[in-house]
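J.: test case, fold it:
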Amino acid sequence: MPSETIEITIPDEALTTLLTLAQDSETLALDELVEIAYTNRPDYQQAQLAIAIAELNGVVAADNRRWNLDLRANASTQDFSETSTELVLTRLLEDESTETAFRRNQVTQQQLRNDLDSLSSDIQLDVADQLRDVTSARNRIESSRLARELAEQRLENARARERRGRTRDIFEVLELQNDLVEAQNSEVNAAIDLADAIASLNQSLGTTLDIWEEQVEASQLLVLPSL
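T.: As a prediction, the model looks like this:
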C-alpha cells in the first residue's frame, strides 16, 4: 500500500503571477536606457538648464564689453539752416566690472559643462549597473525555474515508484517534497529580486513616478462602479 505523504508546495497561481513579471519585463539596450535617463532625470535637466542660463548671461556680458556706436544728428533753424549727422563710437575704458563679469561667466560656463559631463558619466555607470542587476536576476529566474522543474520531475518519479510499491523509504518522497519547496522558494526569491532590480533601474532612469501613475490607472480600471 502506498505511503501517505504530505503536500507542501507553493500554489501554482503564485508562481505564475511572479514568473509573469519576468516574461513581461523586457528591458531596452543600454544606450536607449541612458537616453531615457537623460530625458527624465531632474538632476540632469537642472544641469542643462543651468548651462543654458549661464550662456544667456554670457551673451549679456559679452555685449557689455563691446563699443557703443551711436548716430547723432544736429539741425540749425537760423538764417542758414543746416543739418549734420555723425557716428560716435564710445567705450568705458576704465570699467573693469564688465570685463570681470565676462571672465567670471566664462569660468562658470566651463565649470557647469564639466559638472554635466561628470553627471553624464555617473548616469551611464549607474544605469549600466542597474541593467546588469536586472539581467542577472532574470538569469537566476531561468536557472531556478529549471531546478524547480527538475525537482517536480524527481518527485513525480518517486510517487510513481511509490504507487507501484517500489519505494524503499517514505522519507525519500518527503525529502523530495522538501527539495521541491526549496526550489520553488528559490524561484520566488529570484522573481522578487528581479522586481527589486527593475524598481532600482526605474529609479535610475527617473521613470518611477511614470510607472506608479500607470499602475494607479490600471488599478482604477479594475474597480467596478457601485450599484
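
J.: so for the host helix or strand of Asn105, mean pLDDT?
T.: Assigned by DSSP states H and E, Asn105 belongs to helix 96-163. Averaged across helix 96-163, the pLDDT comes to 90.

J.: next, the buried residues of whichever helix or strand comes after it.
T.: Using DSSP H and E, the next helix or strand after helix 96-163 towards the C-terminus is helix 170-205. Of the residues in helix 170-205, 172-173, 176-177, 179-181, 183-184, 186-188, 190-191, 193-194, 197-198, 200-202, 204-205 count as buried by neighbour count, 16 or more other Cβ atoms under 10 Å. To be clear about C-beta, it is placed using only N, CA and C from the backbone, and glycine gets the same treatment.

J.: re earlier: which strands and helices sit next to the helix holding Asn105?
T.: helix 12-23, helix 30-40, helix 42-64, helix 170-205 (3 or more Cβ pairs under 8 Å, 6 or more residues apart in numbering; DSSP states H and E).

J.: now do the second one: everything it contacts.
T.: What it means is helix 30-40. 27-28, 44, 120, 123-124, 126-128, 131, 201, 204-207, 210 (Cβ atoms under 8 Å, 6 or more residues apart in numbering).

J.: go again using 6 Å as the cut-off
T.: Tyr44, Ile123, Gln124, Val127, Ala128, Leu131, Leu205, Gly206, Thr207 (Cβ atoms under 6 Å, 6 or more residues apart in numbering).

J.: in JSON lines, list the helices and strands packed on helix 96-163 along with mean pLDDT.
T.: Formatted as JSON lines, these follow (pLDDT from 0 to 100):
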{"stretch": "helix 12-23", "mean pLDDT": "60"}
{"stretch": "helix 30-40", "mean pLDDT": "93"}
{"stretch": "helix 42-64", "mean pLDDT": "92"}
{"stretch": "helix 170-205", "mean pLDDT": "88"}
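
J.: turn the ones you listed into JSON lines, columns for distance to Ser144.
T.: Formatted as JSON lines, the helices and strands packed on helix 96-163 follow (distance: least, Cβ to Cβ, whole Å):
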{"stretch": "helix 12-23", "distance to Ser144": "10"}
{"stretch": "helix 30-40", "distance to Ser144": "25"}
{"stretch": "helix 42-64", "distance to Ser144": "36"}
{"stretch": "helix 170-205", "distance to Ser144": "4"}
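
J.: out of those, flag the one nearest Ala101.
T.: Among the helices and strands packed on helix 96-163, the nearest to Ala101 by Cβ to Cβ is helix 42-64 (4.8 Å).

J.: mind listing what's buried along that closest one?
T.: Buried, per 16+ other Cβ under 10 Å, within helix 42-64: Tyr44, Ala47, Ala50, Ile51, Ala54, Asn57, Gly58, Ala61.

J.: going by distance to Leu146, which of those wins?
T.: Distances from Leu146 to the buried residues of helix 42-64, taken by Cβ to Cβ, are shortest for Tyr44, at 40.3 Å.
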